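Asker: Predicted model, plus sequence, below.
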Amino acid sequence: MPIRIPSDLPAQNILLNENIFVMDSERASNQDIRPLEVGILNLMPNKIQTEVQLCRLLSNTPLQINIDLIRIDNRASKHTPQEHLDNFYHHFDEVEHKFYDGLIITGAPIALMPYQDISYWDKITQVMEWARRHVQSTLYLCWAAHAAMYYHYGVNRQIRDNKLFGVFEHQVYEPLNELVRGFDPVFGAPHSRYGQIAIEEYEGIPGLQVLAGSDQVGAYLVASSDKRVVFLTGHPEYDANTLQQEYLRDADSGVGTALPENYFTNNDPTAEPRVTWRAHGSLLFTNWLNYYVYQTTPYNLAELSAD
């Protein structure tokens, strides 16, 4: 699919080298269609890496998509050049008047902090509330999925003794749901989190349906019956070496994180990781864009409203 991103965004050259079709603003302006408007609220410290990962997954559809990169924190980043933030990111205050077909809110490296202790928690909740009236379907990733459960339904996560870390098998629970259309009955996906919400907590909320998960990881994919909200507790967007980099970083800092499960060949950290999740990740994002966004969104986005 042609995702429309700025011509000098670093992600463009990376994706083009992977034979992924991206489109710059000049070419996109000559197409007489209404593209989908998708915002990405990127809470990760290494924003460029996350941009590439998400744009890759948004690229497998014939739909044209305009991508807005959004941030809510004006503090300098240790892992992303300030010039990059200034050139490619909109502060939320600059786009809150807009309406979006889809919104992705990423995880954040604040897994052990109580929500109220997060310096930008008020801003995150402002975005979550705004999305109810300005976004057709919002996809919450990892930490954001648990944060949204807390904000929208008052369900707080439990903190695990050990991080759920590695690539784990999941079962499809609701094969007729469009979000998991085409999934194998059992599929793998990466996880890297301390937070946990029991499947029963999701199932106890009217209008929510657990679509995939397992006894080991709990709920993996949860969606509302109106398709307006999706909770994804894992990381299908991860690159082949993302878990490896996290493991080595924790080892260097003395955190003592265990070896990621089901990841390195023969559980040997000097061996190449085994990549077993990309096909399902691509299909998941394609299904979300098609069935939860494109097939349900109004042509005039200003018609969006809260339930």
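Answerer: In hand now; what should we look at? This one's a predicted model, so the numbers in the text were calculated from it and none came from an experiment. Numbering: from 1, shown residues only.
Asker: From here on, just use CA atoms for contacts and neighbour counts.
Answerer: Fine.
Asker: after the helix or strand of the chain with the lowest mean pLDDT comes which helix or strand?
Answerer: Least confident helix or strand of the chain, by mean pLDDT, DSSP states H and E, is helix 25-28 with a mean of 50. For helix 25-28, the succeeding helix or strand toward the C-terminus, using DSSP states H and E, is strand 36-41.
Asker: How far does that following strand sit from its chain's centre?
Answerer: Mean-position distance between strand 36-41 and its chain equals 11 Å (C-alpha atoms, centre = their mean, to the nearest Å).
Asker: Name the next helix or strand downstream of the helix or strand encompassing L243, please.
Answerer: Here L243, judged by DSSP H and E, is contained in helix 242-253. Per DSSP H and E, helix 242-253 leads on to helix 278-287 as the next helix or strand towards the C-terminus.
Asker: How about the contacts made by the spatially closest residue to K47 that is not a sequence neighbour?
Answerer: Excluding the flanking residues, the one nearest K47 by C-alpha to C-alpha, 6 or more residues apart in numbering is T80, at 6.2 Å. By C-alpha atoms under 8 Å, 6 or more residues apart in numbering, T80 lies in contact with P45, N46, K47, I48.
Asker: now, which of those residues lie within helices?
Answerer: K47, I48 (DSSP state H).
Asker: ChimeraX command to pick out the buried ones of the contacts of T80?
Answerer: Applying 16 or more other C-alpha atoms under 10 Å to the contacts of T80, the buried members can be selected in ChimeraX as follows:
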select :47,48
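Asker: what's the closest of the contacts of T80 to A271?
Answerer: Nearest to A271 among these, counting by C-alpha to C-alpha, is N46 at 24.9 Å.
Asker: The closest residue in space to that closest one that isn't next to it in sequence: neighbouring residues, count only.
Answerer: Spatial nearest neighbour of N46, chain neighbours left out: H79 (5.0 Å); criterion: C-alpha to C-alpha, 6+ apart. For H79, the neighbour count with other C-alpha atoms under 10 Å is 12.
Asker: re earlier: does the residue nearest to K47 count as helix, strand or coil?
Answerer: coil (DSSP: H, G, I helix; E, B strand; the rest coil).
Asker: from memory the residue nearest to N46 sits against M44, does it?
Answerer: No. When contacts are counted by C-alpha atoms under 8 Å, H79 is not listed as touching M44 (9.3 Å).
Asker: CA-only coordinates of the longest strand seen in the chain in CSV, if you can.
Answerer: Using DSSP state E to define each element, the chain has its longest strand at strand 158-172. This file holds the C-alpha atoms of strand 158-172, laid out as CSV (Å, rounded to 0.1, in the frame of the first residue of the first chain):
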residue,chain,number,x,y,z
GLN,A,158,-1.1,-6.5,38.3
ILE,A,159,2.7,-6.3,38.2
ARG,A,160,4.3,-9.7,37.6
ASP,A,161,7.3,-10.8,39.6
ASN,A,162,9.2,-11.5,36.4
LYS,A,163,9.0,-9.8,33.0
LEU,A,164,7.0,-11.7,30.4
PHE,A,165,9.8,-11.7,27.8
GLY,A,166,10.1,-13.7,24.6
VAL,A,167,8.0,-15.1,21.8
PHE,A,168,5.0,-17.0,22.9
GLU,A,169,2.2,-19.1,21.4
HIS,A,170,-1.4,-17.8,21.3
GLN,A,171,-4.7,-19.4,20.5
VAL,A,172,-7.4,-17.7,18.5
